[in-house]
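**Student:** quick check, what structure comes out for this input:
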Amino acid sequence: MAVKKADYAKIYRNFEAPVLRFDCGRMCAPLNDGEPVCCTADNAVPVVNKAEWKLLKKRTDLWHRFVPTDAAGREIVDGLAKSCLAIECKGARSCERENRSLSCRTFPFFPYITKEREFVGLAVYWTFEDRCWVISNLAKVDRKFVDEFVAAYEAVFRKDPEEFDVMRDWTATMRRVFSRWDRPIPVIARDGGWVRVLPHGGGIKKAKKKHLGKHWPFTSEKAYRRAVKEAGGKVPKIDGGLPL
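**Tutor:** Below you'll find the model as predicted:
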């Protein structure tokens with residue numbers, strides 16, 4: 001079995017919820033030449049399988065094949081499975097939300113899969129800790145997004161066991177990295193609560209907001225303002241103050 005164009009079309013229809021009820025791009029863009037981190041291939045290159053790519057080409061001209069311009073980009077492309085492609089959009093200002101790829105809809109999250117093959121919740125692509133405001137604000141993630149994320153990946157996994165194995169392997173990599181760092185992994189559980197995966201095989205425990213972690217430069221307003229200044233950006237004006 002494989003995920004087909006029609007399957008992705010259904011997933012898109014049922015997965016429209018934003019990560020949170022706040023435009024988080026306003027927080028990371030000043031640190032990234034005015035563009036949200038997740039909307040530039042310099043930071044995050046969306047990967048799709050060929051069925052999803054066929055659907056996107058049929059629906060819109062927003063996307064094109066990603067053409068690497070440096071060693072890092074070539075490494076991404078060369079490391080892809082034959083069933084996958086790296087793509088790039090026209091940028092945040094041209095975004096068509098109904099035509100976002102699945103990887104765009106889910107960023108910065110991926111399914112956390114245990115050694116026992118249980119899909120327990122949402123983990124983050126940890127390499128973006130220093131650039132993605134959401135990763136420092138997991139408690140603000142909307143429950144509707146969590147529900148739709150889980151449903152979307154369950155639909156994918158039912159049709160494509162290889163994708164489940166890819167996510168299981170990626171989760172294992174995360175466990176190894178965080179064990180080296182001696183850090184627990186924060187996970188948004190399927191029920192909308194939080195758990196933390198203890199390093200060195202210490203098991204999964206319930207977590208509180210204080211366990212979710214903050215990462216520079218989103219640790220304080222002072223740190224954020226300093227980072228924005230160093231990046232040559234402009235601190236956003238947000239009603240109620242900066243959400244830090």
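**Student:** when you work out contacts or count neighbours from here on, use the C-alpha atoms and nothing else.
**Tutor:** Fine.
**Student:** in this protein, which spans are strands?
**Tutor:** 47-49, 63-65, 84-89, 109-113, 119-124, 185-189, 194-197, 204-206 (DSSP state E).
**Student:** next, format the ones you listed as a markdown table and append mean pLDDT.
**Tutor:** Converted to a markdown table, the strands of the chain look like this (pLDDT from 0 to 100):
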| stretch | mean pLDDT |
| --- | --- |
| strand 47-49 | 90 |
| strand 63-65 | 92 |
| strand 84-89 | 90 |
| strand 109-113 | 97 |
| strand 119-124 | 98 |
| strand 185-189 | 98 |
| strand 194-197 | 97 |
| strand 204-206 | 96 |
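**Student:** can you put these in TSV and add mean neighbour count and distance to Met27?
**Tutor:** Putting the strands of the chain into TSV (neighbours: other Cα atoms under 10 Å; distance: least, Cα to Cα, whole Å) gives the following:
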stretch	mean neighbour count	distance to Met27
strand 47-49	19	24
strand 63-65	15	25
strand 84-89	19	21
strand 109-113	22	18
strand 119-124	22	18
strand 185-189	24	21
strand 194-197	22	23
strand 204-206	14	29
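**Student:** now for the ones you listed, which one comes closest to Val166?
**Tutor:** Closest to Val166 of the strands of the chain, according to Cα to Cα: strand 109-113, at 9.9 Å.
**Student:** which helix runs longest in the protein?
**Tutor:** helix 161-181 (DSSP state H).
**Student:** I'd say Lys208 and Ala189 touch.
**Tutor:** No. Assessed by Cα atoms under 8 Å, Lys208 is found out of contact with Ala189, at 11.9 Å.
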